[in-house]
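*Asks:* Give me the fold of what follows.
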Amino acid sequence: MRLAVVLLILALHSPLSAAERMVAPGTGSLATAIAEASPGDVLTLSDGAYLGPVVVDRPLVITGPRSAIIDGQGSGSVLTITAPDVRLTGFTVTGSGRVNQELDSGVKIEKGADRARVEQLLVTGNMHGIDVHGGRDVVVADNEIIGTDSPRMNERGNGIYVWNSPGTLLENNSIRFGRDGIFSNASSNSVYRGNVMRDLRFAVHFMYTRNTEISGNVSIGNHLGFAIMFSNQARILNNLSLGDREHGLMLNYANNADVTGNLVRGGTKKCLFIYNAHKNLIWDNRFDGCGIGIHFTAGSEKNVLTGNAFIANREQVKYVGTRNMEWSHEGRGNFWSDHPAFDLNGDGIADSFYRPNDVMDQILWSQPAASLLIGSPAVQLVRWSQRDFPATFPGGVRDSAPLMRPLTIAVPDDVLRFEAEAAGRWATGNYDDTDPDNLSAH
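*Replies:* Below is the predicted model of the structure:
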């Protein structure tokens, strides 16, 4: 009896029962095919337009070439997935509504649509590209997502929006235009890797996330690269921020992060901005050619900085505070391109400590008008006294074991081409439509 039950269950779930159905273009043809399909069926689209919107309410595979176009005709979300184990691959999705508050999207993956796979699609001309809205263990991979290019960035949608969707994998997607490339809100235990994001407000924007990996991503020519906010246990590994405008990497109320192997360069105002962020391990990153290498403020505590390279930043460190901060760990500090040091014993560690700021820097940060006195004898006397009498320092950053050589981080040739295209874009034009420090709109 037990064997018979097992055989019946296997028969009901056997992939042999799945059918492949060809679906012709037209108004309502795809919706009709879905309604007539059995779980596990494969619906194959051909060249032409499939007018929607469409709801996928059972486990199906929908596949087709890029020339098969599902068009939402400007109403709501184009493809809404409500069932588990749905796979979409190959075709084009366009024509969502334009209601940002409703999260009108090219593809919407709702709660209960677990293990959905969205792969190799062209998602273009929608408010939001792909909205992972409650589905668990979703895979979004190898898609090309082209958002809107309206003059005001905050009125655009996101390339990929992830809300309360644990286990999401976002991999090797190309995202251009729109508001944020990836916006992850109240989600956890996910991996976002290998995505390339250009011409956006933020490349990656986290709010209230936990235990999520951001690795091997590329941000080029965005207003801000990687913004990790109100989040815990992020792993920020081997990402590139090239030619972004405001910050390459921002940790804002972000705790217990592992930040390593990242490169920020290309005229960004602040390579790394740390605001009220605690217990973060920041090691073996390269911060190159920014206005400020690292801006560290708002009582951030128990952070470890070691093995990083600070190269040719106009101001290496801006530390707003009065506590003494040691930026070396277990005898290994960071490389500072403006530190004229010697290494007589050849151990790779400079023989003298590095201190980037003095009391006059703090005065100038709080009272910019004092810059008129920067060359006066009084200012030079204060700086001389602090150099020769360190006890007069009011607190600040000290690296007791500076490195003699910087680490290097390679950039692939195809990424170098995109970086060259974005070079110098912030030198001219008006970009005041969005303020990265004003995060009221998400």
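*Asks:* Could you list which residues are in contact with N252?
*Replies:* 227-230, 273, 275-277 (Cβ atoms under 8 Å, 6 or more residues apart in numbering). From N, CA and C alone the C-beta is placed, and that goes for glycine too.
*Asks:* Quick check: beta-bridge partners of the residue lying closest to P406 once chain neighbours are set aside?
*Replies:* Nearest residue to P406 in three dimensions, chain neighbours excluded: A309, at 3.5 Å (Cβ to Cβ, 6 or more residues apart in numbering). Beta-bridge partners for A309, by DSSP bridges, are R286, F335.
*Asks:* Help me confirm that A309 comes into contact with L407.
*Replies:* Yes. Using Cβ atoms under 8 Å, A309 makes contact with L407 at a distance of 5.4 Å.
*Asks:* what do these two both touch?
*Replies:* 286, 335.
*Asks:* The two - which one has more neighbours?
*Replies:* A309 (21 against 15; other Cβ atoms under 10 Å).
*Asks:* give the contact list for that one.
*Replies:* 285-288, 334-335, 337, 403, 406-407.
*Asks:* Distance of it relative to L281?
*Replies:* 16 Å (Cβ to Cβ, to the nearest Å).
*Asks:* ok so, going back, top of the contacts of A309 by number of neighbours, please.
*Replies:* Of these, with other Cβ under 10 Å as the count, N334 tops at 30 neighbours.
*Asks:* Quick one: residues contacting the nearest residue to that residue once chain neighbours are set aside.
*Replies:* Distances taken as Cβ to Cβ, 6+ apart place N308 nearest to N334, at 4.4 Å, with adjacent residues excluded. For N308, the contacting residues are 282-287, 334-335, by Cβ under 8 Å, 6+ apart.
*Asks:* One more: I214?
*Replies:* Here I214 is in contact with 192-193, 204, 226, 228, 234-237, 239 (Cβ under 8 Å, 6+ apart).
*Asks:* Could you pick out the buried ones from those residues?
*Replies:* Neighbour-count burial (16 or more other Cβ atoms under 10 Å) applied to those gives 192-193, 204, 226, 228, 234, 236-237, 239.
*Asks:* Going along the chain, name the helices of the stretch 301-442 of the chain.
*Replies:* Assigned by DSSP state H, counting those that start in this stretch, the stretch 301-442 of the chain shows helices spanning 359-366, 377-388, 413-422.
*Asks:* Kindly report which one of those helices carries the lowest mean pLDDT.
*Replies:* When the helices of the stretch 301-442 of the chain are ranked by mean pLDDT, helix 359-366 comes last with a mean of 50.
*Asks:* what about the helices in the stretch 1-150 of the chain?
*Replies:* With DSSP H, counting those that start in this stretch as the criterion, the stretch 1-150 of the chain has helices spanning 2-12, 29-36.
*Asks:* Now tell me which of those the model trusts least on average.
*Replies:* helix 2-12 (a mean of 48).
*Asks:* Now do the same contact list for the residue nearest to D47 when sequence neighbours are not counted.
*Replies:* Of all residues not flanking D47 in the chain, S67 sits nearest, at 4.3 Å (Cβ to Cβ, 6+ apart). Residues counted as contacts of S67 (Cβ under 8 Å, 6+ apart) are 47-48, 92.
*Asks:* pLDDT wise, what is S67 at?
*Replies:* With respect to pLDDT, S67 has a value of 98.
*Asks:* Same question for the one 5 residues further on.
*Replies:* You'll see G72 listed with a pLDDT of 97.
*Asks:* same question, R323
*Replies:* Note on R323: pLDDT of 80.
*Asks:* Tell me how many other residues crowd the closest residue to R235 other than its chain neighbours.
*Replies:* Using Cβ to Cβ, 6+ apart and skipping the chain neighbours, the partner closest in space to R235 is E213 (4.3 Å). E213 sits with 17 neighbouring residues when counted by other Cβ under 10 Å.
*Asks:* Likewise for D351?
*Replies:* Around D351 there are 12 residues (other Cβ under 10 Å).
*Asks:* hang on, isn't V132 packed against N164?
*Replies:* No. With contact defined as Cβ under 8 Å, V132 does not count as touching N164 (9.1 Å).
*Asks:* Which one's more surrounded, the two?
*Replies:* Set V132 next to N164 and count neighbours by other Cβ under 10 Å: V132 wins out with 29 against 16.
*Asks:* Low-confidence stretches in the chain?
*Replies:* 1-17, 298, 357-395, 429-442 (pLDDT under 70).
*Asks:* same thing but 80
*Replies:* 1-18, 298-299, 320-322, 357-396, 427-442 (pLDDT under 80).
*Asks:* quick one, what contacts I409?
*Replies:* I409 neighbours (Cβ under 8 Å, 6+ apart): 240, 261-263, 286.
*Asks:* let me fix that: G134
*Replies:* Contacts of G134 (Cβ under 8 Å, 6+ apart): 109-113, 163-165.
*Asks:* number of nearby residues for the nearest residue to it once chain neighbours are set aside?
*Replies:* Spatial nearest neighbour of G134, chain neighbours left out: K111 (2.9 Å); criterion: Cβ to Cβ, 6+ apart. Residues within reach of K111, counting by other Cβ under 10 Å, total 13.
*Asks:* and if you look at the one 4 residues further on?
*Replies:* Around R115 there are 15 other residues, counting by other Cβ under 10 Å.
*Asks:* Isn't it up against S165?
*Replies:* No. Counting by Cβ under 8 Å, R115 sits too far from S165 to count as a contact (11.3 Å).
*Asks:* shared neighbours of those two, anything?
*Replies:* With Cβ under 8 Å, 6+ apart as the test, R115 and S165 both reach 135-136, 138.
*Asks:* separation between the residue lying closest to T408 once chain neighbours are set aside and E326?
*Replies:* Nearest residue to T408, sequence neighbours excluded (Cβ to Cβ, 6+ apart): R286, at 7.2 Å. As judged by Cβ to Cβ, R286 and E326 stand 21 Å apart.
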